[in-house]
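Undergrad: Pasting a predicted model and its sequence here:
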Amino acid sequence: MRKDFIIITNNPLVKDRLGQEYEVDFAEISYEEVLKKVRNFVYNKHELLTHPLSGSVKPNETPYKSVMVAKNPDRYHMESMEIIDRAIASVSKFEFKSDKYAEDVYEDFRYIDYTLISSALPSATAW
């Protein structure tokens, strides 16, 4: 199994469940800050392997985001650059309301994000 990717996340569930087997770059930062961190990777020649706006939960509704990028930078990936720039521009338009939920709702959002990134693992480890 190849593990030529990094999962960038602010989701502690992703760190706890996947961090032993995969490289997880975890930080306690906002959704938008996760995307900006991903942008830094992309602008340092890492390719996006999952879409930064994947899932049906709107960015302003959840505080958690996990994105997978190629581990070894090799060249500039223009499509990845365009995608991450558009994602950041899109997220910046939202008024965040994810700081107003009960704890069990945060647990649900952590699990949704974990499920989304976990679903990408089979294809990421197959190449």
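TA: Thanks, I have the structure now. Residues are numbered from 1 along each chain as shown.
Undergrad: for this protein, longest helix please?
TA: For the chain, the helix that runs over the most residues, judged by DSSP state H, is helix 103-126.
Undergrad: Check which helices and strands that helix sits against.
TA: strand 5-9, helix 12-18, strand 66-70 (3 or more Cβ pairs under 8 Å, 6 or more residues apart in numbering; DSSP states H and E). Where you see a C-beta, it was placed from the backbone N, CA and C, and this is true even at glycine.
Undergrad: for Pro52, what are its contacts?
TA: By Cβ atoms under 8 Å, 6 or more residues apart in numbering, the contact list for Pro52 reads Leu35, Val38, Lys65, Val67, Ile83, Ile84, Ala87.
Undergrad: Top of those by number of neighbours, please.
TA: For these, neighbours were counted using other Cβ atoms under 10 Å, and Lys65 has the most, 31 neighbours in all.
Undergrad: Now do the contacts for that one.
TA: Thr9, Asn10, Asn11, Tyr31, Val34, Leu35, Pro52, Pro59, Asp113.
Undergrad: That's all I had, so thanks and see you.
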